[in-house]
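Visitor: Okay, predicted coordinates and the sequence, questions at the end:
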Amino acid sequence: MPSTTLDAGKVTRAIASGDSGAFALLYERRFDRCYAIAARSTGLCEAECLDIVQDSFLKIARSIRPIDSEAALDAWMVKVVRSCAWDHLRREKRRRRREAHAAAPGAAEAPLEAIDERLAALREELSGLDLATRELLDLRYRAGMTLQSIGRVVGLKPGAVDGRIRRAEAALRPRLEETPDDR
């Protein structure tokens, strides 16, 4: 088994300058320690701990700077691994929350009728607007044009276009937020 000590200053300067051999040496000498930190910090399975270690070494490769002391290098690497471990746990928690929400009763059934009703209500409300306002909304949301582009097309300043679109949205919003039973 290779020695775990290394000349931190020499190795970190070489890695910072792009030396892949020096990075391979750091990886070889510190992999087991980083894996142990990931496992202790998370209690996760081997595959997830290996993912954390991989993320850690990628982060180390991208952000390493010359560090002269081996103890300082080890302390910095511990911080990087723990940070990657916490990031992994937060991502996993968000993923589980999304999955639980998607698995909730009724979530799998797309409320297509409700969507169709809302679209019909939107079409009806839009048809009640004046032609100029409908054109502004159409250019903004269907064509995806910027306020400046719309202004050039209709002969208005971008601020005026923005104001008119906001007023139209404000007028539509309360009417569209009503439930069908409220009408």
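Guide: Done, it's in. Residues are numbered from 1 along each chain as shown.
Visitor: only C-alpha atoms for contact and neighbour calcs from this point on.
Guide: OK.
Visitor: Could you verify my assumption that residue 11 touches residue 20?
Guide: No. Taking Cα atoms under 8 Å as the contact criterion, residue 11 and residue 20 are not neighbours in contact, 10.3 Å apart.
Visitor: and these two? which has more neighbours close in?
Guide: Just comparing residue 11 and residue 20: by other Cα atoms under 10 Å the higher neighbour count belongs to residue 11, 21 against 13.
Visitor: helix or strand for the nearest residue to residue 168 once chain neighbours are set aside, which one?
Guide: For residue 168, the nearest residue in space outside its immediate sequence neighbours is residue 133; the separation is 7.1 Å by Cα to Cα, 6 or more residues apart in numbering. Here residue 133 is covered by helix 131-137, with elements defined by DSSP states H and E.
Visitor: Quickly note the distance from the most centrally placed residue in the chain to residue 48.
Guide: When Cα atoms, centre = their mean is applied to the chain, the residue found nearest the centroid is residue 91 (10.0 Å). Separation of residue 91 from residue 48 (Cα to Cα, to the nearest Å) stands at 12 Å.
Visitor: Quickly list what's touching both of the two.
Guide: Taking Cα atoms under 8 Å, 6 or more residues apart in numbering as the criterion, residue 91 and residue 48 do not both touch any residue.
Visitor: How far does stretch 13-27 sit from its chain's centre?
Guide: Its chain's C-alpha centre lies 30 Å from the corresponding centre of stretch 13-27 when counted by Cα atoms, centre = their mean, to the nearest Å.
Visitor: how long is it end to end?
Guide: Counting by Cα to Cα, the terminal residues of stretch 13-27 are separated by 15 Å.
Visitor: And for stretch 140-157?
Guide: With Cα to Cα as the measure, stretch 140-157 spans 14 Å from end to end.
Visitor: got a list of contacts for that stretch?
Guide: With contact meaning Cα under 8 Å, 6+ apart, stretch 140-157 is reached by 136, 139, 158-159, 161-162.
Visitor: And those residues, which two are furthest apart?
Guide: Across these, the two members that end up farthest from each other (Cα to Cα) are 139 and 159, 15.2 Å apart.
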